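Participant: Build me a model from this:
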Amino acid sequence: MKILILGATGFVGSYLMERAIAAGHEVAGTHYHATVDTRDWMGFADRLTRCDIRYREQTDAVIAKTRPDVVYLLSAQSYPALSWSAPSETLETNVVGTANVFESIRAAKIDPVVVVACSSAQYGEVSPDAVPVKESHPMHPLHPYGVSKVATEMLALQYWSNYRLRTVCARIFNTTGPRKTGDVCADFTYRAARIEAGQIPPALHVGNLETHRAITDVRDLARALELLADRGAPGEVYNVSGSRTYQIREIVDLIQAAAKTPFSLEVDQALLRPSDEKVIFGDSSRLVAATGWKQEISLAQTVGDMLAYWRAQLAAGAQA
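Facilitator: Reported below is the predicted structural model:
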C-alpha cells in the first residue's frame, strides 16, 4: 500500500511514519516546520519531501509524485495557545492548506482515503450534562485554532459530498507521549527532568490545575488513525478520546510519583489562558463500533515514558 503522511515530522506523524514503514508499506512523508526533535525523524529523512501546504504548487508536486492509496492530513499549525498570537497563519495553514491538498488530489485523478486530523477544540466549552461529548454536539470553538479546525472538517465533508473524495475526520482529543512539546504533560515532565538534572530549581511552575482532560497516548492515537483509514466510513466524523478524565492536579501527582527529585508547585500567571475549557472528554463509542479500537496505554505509563524520553534528551545535550 502507498501511504503519504503530510506532516511526518510532527508529533503524531513521526509515529505514523515509523509504524507504516515497520508494516512494510511504501511510505512517503512531508516536512516543513518539524515539531519533534531532529533525532526523532532522521531515521526516515530519506523518505521526506519539503512541502508547505499553503502553496498549491507544492501539494500538487507531492501528490502527483506519490499517488498514494492513503493520505494522513496532519500538516497544521497545531498549537491552540500559539493561535492567539498567530491567528492569520493558523487559518491560512489549516484552512487554505487543507483545500490545497484536496484540490491536488482531484487534479491527480486518484482516489485515496484521506484521514483528516480534526480536533476536540472544535467543540469549545461543553456543559457538564453533555460530557462525554458526542460528535453530534454543536461546535463553539474558543480560539482561532478551534475555528480553523471547524473549517478544516467542513472542507473535508464538502469534498466527500461534492466530489466523493473519501475523507474520514478524526476529532482528536488531548494526546501526549514521548516527543510531544507544548502541552501540559510535556511541559511538566520536561521541567521535572530538568529539575532531576539540576538545571533548574526544584519548583514546578503551573497554570490552572482545576481543569479535567481525557488523555490518549500517541501510540494509541496512531492505531486509531490507521484503523480509520481501513474501516472508517467516508464523510464520517469520529471522536478519538481517552476513556476517562484526569484533573491536571492528578497529572502532577503522577509526575511527582515518577520523578527522581521532589519538587514544589508555584502558580505562574503567564501559563493561564484567556479562556480554557473546564472539561475536555469525548465519547469514542462511534470509533469503537466502527473499528474495535480501545485505549491500551495507561497515563502512568505515558508519563513514565515521557520522563525517560526527556532524561535521554537532556543526557544527549538537547537544548531547552
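Participant: Show me where the stretch 101-250 of the chain has its helices.
Facilitator: Secondary structure of the stretch 101-250 of the chain by DSSP state H, counting those that start in this stretch: the helices cover 144-163, 184-196, 218-231, 248-258.
Participant: average pLDDT for the longest one?
Facilitator: Model confidence over helix 144-163 averages 98 on the pLDDT scale.
Participant: which one of the helices of the stretch 101-250 of the chain lies closest to Gln295?
Facilitator: The closest of these to Gln295 is helix 218-231. By Cβ to Cβ, the value is 5.2 Å. For the C-beta atoms, the positions are set from N, CA and C on the backbone; glycine is no exception.
Participant: and the closest one, what does it pack onto?
Facilitator: helix 11-22, strand 70-73, strand 113-119, strand 166-172, strand 175-176, strand 236-240, helix 285-291 (3 or more Cβ pairs under 8 Å, 6 or more residues apart in numbering; DSSP states H and E).
Participant: so can I have CSV of these showing mean neighbour count?
Facilitator: Below are the helices and strands packed on helix 218-231 laid out as CSV (neighbours: other Cβ atoms under 10 Å):
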stretch, mean neighbour count
helix 11-22, 22
strand 70-73, 26
strand 113-119, 25
strand 166-172, 25
strand 175-176, 26
strand 236-240, 24
helix 285-291, 17
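Participant: Show me which residues of stretch 49-56 are buried.
Facilitator: Thr49, Cys51, Asp52, Ile53, Arg54, Arg56 (16 or more other Cβ atoms under 10 Å).
Participant: Would you mind putting the helices and strands packed on helix 218-231 into a markdown table with distance to Pro138 alongside?
Facilitator: Output for these, formatted as a markdown table (distance: least, Cβ to Cβ, whole Å):
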| stretch | distance to Pro138 |
| --- | --- |
| helix 11-22 | 26 |
| strand 70-73 | 24 |
| strand 113-119 | 15 |
| strand 166-172 | 13 |
| strand 175-176 | 23 |
| strand 236-240 | 13 |
| helix 285-291 | 17 |
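Participant: circling back to that earlier point, just curious, which of the buried residues of stretch 49-56 is nearest to Leu228?
Facilitator: Leu228 has its nearest neighbour among these in Ile53, at 20.5 Å by Cβ to Cβ.
Participant: Quick one, grab the pLDDT at that closest one.
Facilitator: 98.
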